[in-house]
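S.K.: Provided below are the primary sequence and the corresponding predicted coordinates.
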Amino acid sequence: MLEMLWEASDPSDALETRFGFRDGAEAYRWVVTMLDKHWGVRVDSCDRIVISDSNALAWVGTSSGRMLMKWSVVPARFPRLAALARLTAWLEGEGLPVSAPVATLDGRVQVEADGASLGLQREIDGDILDTNQSRQVRAAGAVLAQLHDALAMYPAADQVPGLAAPSTNLADQINGWLDSCPKHAPAAACDTLRRLVADAHPNSLPTQLVHGDYRSANVLCAVPGIAAVIDFEEARFDHRIVELARSAVMLGTRFRDWGPVSPEVRATFLDGYQSKRRLTSQTTTDFGGG
C-alpha cells in the first residue's frame with residue numbers, strides 16, 4: 001500500500017518526483033537493500049509506504065520482527081536528524097517511553113546513503129491517543145512532565161542544530177498571540193489575559209529543550225499507559241509552560257479534521273502533568289489561572 005500521510009497529492013507521483021522511485025516495487029527493493037547493507041536485517045515483507053512532505057516511512061516485516069524505516073531526502077535536515085536520533089536513544093536510556101532508533105552494524109543510529117538520511121525503529125504496539133479516554137489523557141500529561149525533566153538534563157542539547165531560543169520573551173510571545181486573535185474572539189477575554197500576563201511577570205521563567213509537537217498523533221497508548229512518544233523533529237528550546245499550554249489545547253490533533261479539545265480534557269491533561277511536576281504559583285497563573 002502506498003499512501004500520503006496528510007496531503008491530497010497522488011502518492012505514486014510523490015514517490016517519483018520527491019524520491020526518484022518509479023513505483024512502490026522499486027522503493028521496496030531499495031528498502032530491502034538499505035536494511036541489509038546497514039543493519040544486517042532481512043526483509044520478509046513490506047506492508048505499506050507512507051509519504052509525508054519529503055519524508056517516507058516503510059513498515060516492514062523482518063528477521064528481527066516488525067520494524068519501521070524512515071528516510072528524508074532534504075540534505076539540509078540530515079545533521080539535525082542525526083542529532084535527534086542520538087537524543088531519542090539517550091531518552092530511552094533514561095527510561096522514557098520513546099521509539100528509539102535501532103543501531104546499525106557499525107553502531108550509528110542514523111545513516112546517510114543514496115542521497116537520503118535513514119533511521120530504523122521497532123514497530124510500537126499501541127494506538128494514537130484518544131482524547132475521549134481520560135486515563136490516556138492523564139497519562140499523557142504525566143509523561144510530558146517526565147519528558148520535560150529529562151530534556152532539561154540532556155547533556156548534548158547544544159549539539160542539536162536549529163534549537164535557537166524564542167526570539168521574544170514570554171510576555172511578548174503571549175501578547176503577540178493575543179494581538180493576532182481573530183475578530184470573533186471576545187475582546188473582554190483577551191483584555192483579561194493581557195492583565196494576567198502583566199501581573200504574572202513570566203519573563204523570569206527559563207527556556208529548555210522541549211518536544212515541540214506533543215499531540216495525539218505523536219503519543220501512542222497501550223495498556224496500562226503511554227507506549228511511546230514519537231517524532232521529535234520539531235524539538236526546540238522554549239518554555240515548559242508554552243508547550244504545556246499548546247499541547248493542552250491541541251492534544252486531539254491527528255492528521256486531518258481536528259479542533260481544540262474540551263476544557264475537561266485540558267484539566268485532565270494538566271492534572272496528569274502536575275502529578276509528576278507541580279506548577280509554581282507563577283506558572284499556574286501563566287497557564288491561565290489553574
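M.R.: Good, I have the coordinates. Residues are numbered from 1 along each chain as shown.

S.K.: Tell me which residues touch Met1, please.
M.R.: 47-49 (C-beta atoms under 8 Å, 6 or more residues apart in numbering). Every residue, glycine included, has its C-beta placed from N, CA and C.

S.K.: Mind checking which of these are in strands?
M.R.: 47-49 (DSSP state E).

S.K.: top of these by neighbour count?
M.R.: Within the ones in strands among the contacts of Met1, Ile49 tops the neighbour count with 22 neighbours, counted by other C-beta atoms under 10 Å.

S.K.: ok, that one - contacts?
M.R.: Going by C-beta under 8 Å, 6+ apart, Ile49 touches 1-3, 15, 24, 27-28, 31, 56-59.

S.K.: so it bridges to which residues?
M.R.: Leu2, Ala58 (DSSP bridges).

S.K.: Type out the ChimeraX command that picks the buried ones from the contacts of Ile49.
M.R.: What follows is the ChimeraX syntax for the buried subset of the contacts of Ile49, where burial is set by 16 or more other C-beta atoms under 10 Å:
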select :2,15,24,27,28,31,56,57,58,59
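
S.K.: out of the contacts of Ile49, which one sits closest to Lys276?
M.R.: Leu57 (30.7 Å; C-beta to C-beta).

S.K.: Surely the closest one is in contact with Asp47?
M.R.: No - counting by C-beta atoms under 8 Å, Leu57 does not reach Asp47; the two are 10.9 Å apart.

S.K.: just to revisit the earlier point, got TSV for the contacts of Met1, with distance to Tyr214 and pLDDT too?
M.R.: Below are the contacts of Met1 laid out as TSV (distance: C-beta to C-beta, whole Å; pLDDT from 0 to 100):
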residue	distance to Tyr214	pLDDT
Asp47	27	92
Arg48	26	95
Ile49	26	97
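
S.K.: As a check, name the ranges of all helices in the protein.
M.R.: Ranges of helices in the chain, per DSSP state H, are 11-19, 24-34, 78-93, 134-152, 170-179, 187-200, 240-250, 263-274, 281-287.

S.K.: weakest of the ones you listed in terms of mean pLDDT?
M.R.: Among these, helix 281-287 carries the lowest mean pLDDT, at a mean of 50.

S.K.: follow-up on the earlier one: for Ala164, find the nearest of the helices of the chain.
M.R.: Evaluated over the helices of the chain, closeness to Ala164 peaks at helix 78-93, with 12.2 Å, by C-beta to C-beta.

S.K.: by contact count, what packs against that closest one?
M.R.: Counting contacts by 3 or more C-beta pairs under 8 Å, 6 or more residues apart in numbering; DSSP states H and E, helix 78-93 is packed against strand 116-122, helix 134-152.

S.K.: relative to helix 78-93, how tilted is the longest one?
M.R.: What that stands for is helix 134-152. Here helix 134-152 runs at an angle of 110 degrees relative to helix 78-93 (axes from the mean of the first three to the mean of the last three C-alpha atoms, to 10 degrees).

S.K.: now for helix 134-152, which elements pack on it?
M.R.: Counting contacts by 3+ C-beta pairs under 8 Å, 6+ apart, helix 134-152 packs against helix 78-93, strand 208-210, strand 219-222, strand 225-229, helix 240-250, helix 263-274.

S.K.: Adding distance to Gln274, write the helices and strands packed on helix 78-93 out as JSON lines.
M.R.: Converted to JSON lines, those look like this (distance: least, C-beta to C-beta, whole Å):
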{"stretch": "strand 116-122", "distance to Gln274": "31"}
{"stretch": "helix 134-152", "distance to Gln274": "8"}
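
S.K.: Could you pull out the buried residues of stretch 108-128?
M.R.: 108-112, 116-122, 124, 126, 128.
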